[in-house]
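Chemist: 3D model of this:
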Amino acid sequence: MRLTKPRVEPLPEAEWTPEIRETLPRGVGGGRILAIFTTLARHPKLLKRWLVFGNHVLFKSTLGPRERELAILRIGYLCRSEYEWGQHAVIGRGVGLTDDEIHRVIAGPDAPGWTELEALVLRATDELHRDSMITDATWNALSKHYGVEQLMDLIFAVGQYTLVSMALNSLGVQLDEGIEGFPRP
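Modeler: The predicted structure follows:
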């Protein structure tokens, strides 16, 4: 973790208003309410509005779940967000990624073993992180697999999780119980 303690403490349950109780997502993380949400509960209006967009990216996107999770893991790694990485390693396993594949995300799009589409998703994520733009070569190659909505959902997924990683890192949101950060050698 980049910060060893929170800059913004999660809001204790004793301080949850009825509006916050209604807004906090349930059923994520095995039924417990995750630290990201209790931290963002310090700003209830932001939390409520952000959840609408976040739910689209995570649950209603036109991307396949594997490709979505590869992009999220890659941007979490590139942004050095252990919280993001840890949560999405669990979600990634839930959509069929193996531990080997999750660890291979660190090596990036040129690591052996990716399908053409998986490598392109990782490459697009790298380009968005580095240049805030997908190159023509990667865009054209992705266009053989994806329609316009999928291309847009990929861009917005990477952007959403860049934003989330910035917030997690800056606020010092700590790993939830039972969640591991980056793999250690």
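Chemist: residues touching the longest helix anywhere in the chain, excluding its own?
Modeler: Using DSSP state H to assign secondary structure, the helix with the most residues in the chain is helix 148-171. Applying Cβ atoms under 8 Å, 6 or more residues apart in numbering, the contact partners of helix 148-171 are 2-3, 6-8, 36, 39-40, 53-54, 56-57, 61-63, 67-68, 71-72, 75-76, 79-81, 83-84, 121, 124-125, 128-129, 134, 139, 142-143, 146, 173. From N, CA and C alone the C-beta is placed, and that goes for glycine too.
Chemist: please list only the buried members of these.
Modeler: Neighbour-count burial within the contacts of helix 148-171 applies to 36, 39-40, 54, 57, 61, 63, 67-68, 71-72, 75-76, 79, 81, 83-84, 121, 124-125, 128-129, 134, 142, 146, 173; the criterion is 16 or more other Cβ atoms under 10 Å.
Chemist: go through the residues you listed and flag which are in helices.
Modeler: Residues from those lying in helices, with DSSP H as the criterion: 36, 39-40, 54, 67-68, 71-72, 75-76, 83-84, 121, 124-125, 128-129, 142.
Chemist: in the lowest-mean-pLDDT helix or strand in the chain, what counts as buried?
Modeler: Ranking every helix and strand in the chain by mean pLDDT, DSSP states H and E puts helix 18-23 at the bottom, with a mean of 93. Within helix 18-23, the residues that qualify as buried are 20, 23, counting by 16+ other Cβ under 10 Å.
Chemist: what's that helix in contact with?
Modeler: Everything outside helix 18-23 that qualifies as a contact, by Cβ under 8 Å, 6+ apart, is 11, 41, 44, 47-48, 51.
Chemist: equivalent analysis for stretch 96-106, please.
Modeler: Residues external to stretch 96-106 that are found in contact with it (Cβ under 8 Å, 6+ apart): 65-66, 69-70, 73-74, 77, 89, 92-93, 111, 113-114, 122, 182-183.
Chemist: those, buried ones only, as a ChimeraX selection?
Modeler: To isolate in ChimeraX the members of these that are buried, counting by 16+ other Cβ under 10 Å, one can use:
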select :65,66,69,70,73,74,77,89,92,114,122
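Chemist: of the contacts of stretch 96-106, which one scores lowest on pLDDT?
Modeler: Scanning the contacts of stretch 96-106 for pLDDT, the low point is residue 183. It has 91.
Chemist: over to the most far-flung residue of the chain relative to its centre: give its phi and psi.
Modeler: Within the chain, residue 14 marks the point farthest from the mean C-alpha position, 28.6 Å out by Cα atoms, centre = their mean. In terms of degrees, to the nearest 10, the main-chain angles of residue 14 are phi -60, psi -20.
Chemist: model confidence for it, exactly?
Modeler: Residue 14 is assigned 96 on the pLDDT scale.
Chemist: and if you look at the one 10 residues further on?
Modeler: What the model reports for residue 24 is a pLDDT of 92.
Chemist: neighbours of it, how many?
Modeler: 21 (other Cβ atoms under 10 Å).
Chemist: perfect, I'm done here.
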